[in-house]
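1. The following comprises the amino acid sequence and a computationally predicted model.
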Amino acid sequence: DGGITQSPKYLFRKEGQNVTLSCEQNLNHDAMYWYRQDPGQGLRLIYYSQIVNDFQKGDIAEGYSVSREKKESFPLTVTSAQKNPTAFYLCASSIHSEPASYEQYFGPGTRLTVT
Amino acid sequence: AQKITQTQPGMFVQEKEAVTLDCTYDTSDPSYGLFWYKQPSSGEMIFLIYQGSYDQQNATEGRYSLNFQKARKSANLVISASQLGDSAMYFCAMRRTSGTYKYIFGTGTRLKVLA
């Protein structure tokens, strides 16, 4: 079955530690995205990548880093510089081309708690 | 700049009745796509329906329809014959067809279906 996997589902870390969230897709999509969602809020874009070895900052990139070495993988590192990292993180992918009818496919999300 | 506005933080609807969730958007792009997603309490994002800016007819998918009024820049989601399983957060999103192909999300509407 094609889809997006994120692991782990729940992640706990101590303040001051970097943590990497995994995102893998087997949909052969060019574009991948990371979103942050706080309780009762919408999705905010952290980083996105339209092609391997290239990525762009989204609206809230400070304190986060990404890599895109393979088409299938787009890991997100939450660094100790992120002031408020506790949140729900969603990874998504889509076909990167026109028309605009291509919806995003989402992973199940990772709930990160930093204490 | 592009923007999606969802003005209803929460809505109630009686089971088996229809409900309309509002979405207005702002863009200067002539070509764009509009999406609705459902997010149950489990956190996954489920794609519901898509409307292209040049589509002449309103999109429909089963019990979901999109009331697209281009001149008013609105793309309201209509859910007919509501079911208890429809209780969830609903997000309106937009994607441009030029440039970076970013998706812009609204803040969401929490729908509660009452038995």
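-> That came through fine. Numbering: from 1, shown residues only, chains lettered A, B, ... in the order given.
2. Who are the contact partners of residue 46?
-> No chain was given, so I picked chain A. Contacts for A:Ile46 (CB atoms under 8 Å, 6 or more residues apart in numbering or on different chains) come out as A:Trp34, A:Tyr35, A:Arg36, A:Gly58, A:Asp59, A:Ile60, A:Ala61, A:Tyr64, A:Val66, A:Leu76, A:Tyr89. Yep, even glycine has a C-beta here, placed from its N, CA and C like the rest.
3. To clarify, I was referring to chain B.
-> Neighbours of B:Ile46 in contact, by CB under 8 Å, 6+ apart: B:Tyr37, B:Lys38, B:Gln39, B:Pro40.
4. Considering only those residues, which also neighbour chain A?
-> When contact is defined as CB under 8 Å from any CB of the partner chain, those meet chain A at B:Tyr37.
5. Going by neighbour count, which of the contacts of B:Ile46 are buried?
-> Neighbour counting by 16 or more other CB atoms under 10 Å in any protein chain shown classes B:Tyr37, B:Lys38, B:Gln39 among the contacts of B:Ile46 as buried.
6. can you pull out the helices in chain A?
-> Counting by DSSP state H, chain A has no helices at all.
7. give me the low-pLDDT residue ranges for the chain?
-> In the absence of a named chain, this looks at chain A. A:1, A:96-101 (pLDDT under 70).
8. could you do chain B instead?
-> B:98-99.
9. What is the burial count for whichever residue of it sits closest to chain A?
-> Closest contact between chain B and chain A, by CB to the nearest CB, is at B:Gly33 (3.1 Å). Residues lying near B:Gly33 (other CB atoms under 10 Å in any protein chain shown) number 23.
10. thinking again about what came up before, so which of the contacts of B:Ile46 sit within helices?
-> Per DSSP H, these never map to helices.
11. now, which of the contacts of B:Ile46 lie within strands?
-> Mapping the contacts of B:Ile46 onto strands (DSSP state E) picks out B:Tyr37, B:Lys38, B:Gln39.
12. For the residue minimising distance to the centre of chain A, which residues are in contact?
-> In chain A, the residue lying closest to the centroid (CA atoms, centre = their mean) is A:Trp34, at 2.6 Å. Counting by CB under 8 Å, 6+ apart, A:Trp34 touches A:21, A:23, A:45-48, A:58, A:64, A:66, A:74, A:76, A:89-92.
13. who does B:Phe12 bridge with?
-> Here B:Phe12 sits in beta bridges with B:Lys112, going by DSSP bridges.
14. For it, which residues are in contact?
-> B:Phe12 neighbours (CB under 8 Å, 6+ apart): B:Leu111, B:Lys112, B:Val113, B:Leu114.
15. and if you look at B:Met45?
-> B:Met45 neighbours (CB under 8 Å, 6+ apart): A:Leu90, A:Ala92, A:Gln104, A:Phe106, B:Tyr37, B:Lys38, B:Gln39, B:Phe91.
16. Grab the nearest non-local neighbour of it.
-> A:Phe106 (3.9 Å; CB to CB, 6 or more residues apart in numbering or on different chains).
17. Over to B:Asp86?
-> B:Val113 (5.1 Å).
18. and stretch A:35-53, which residues are buried?
-> Buried, per 16+ other CB under 10 Å, within stretch A:35-53: A:Tyr35, A:Arg36, A:Gln37, A:Gly42, A:Leu43, A:Leu45, A:Ile46, A:Tyr47, A:Tyr48, A:Ser49, A:Gln50.
19. Now tabulate the residues you listed in a markdown table and tack on distance to A:Arg111.
-> As requested, those are exported to a markdown table (distance: CB to CB, whole Å):
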| residue | distance to A:Arg111 |
| --- | --- |
| A:Tyr35 | 13 |
| A:Arg36 | 11 |
| A:Gln37 | 10 |
| A:Gly42 | 17 |
| A:Leu43 | 14 |
| A:Leu45 | 19 |
| A:Ile46 | 15 |
| A:Tyr47 | 19 |
| A:Tyr48 | 21 |
| A:Ser49 | 23 |
| A:Gln50 | 27 |
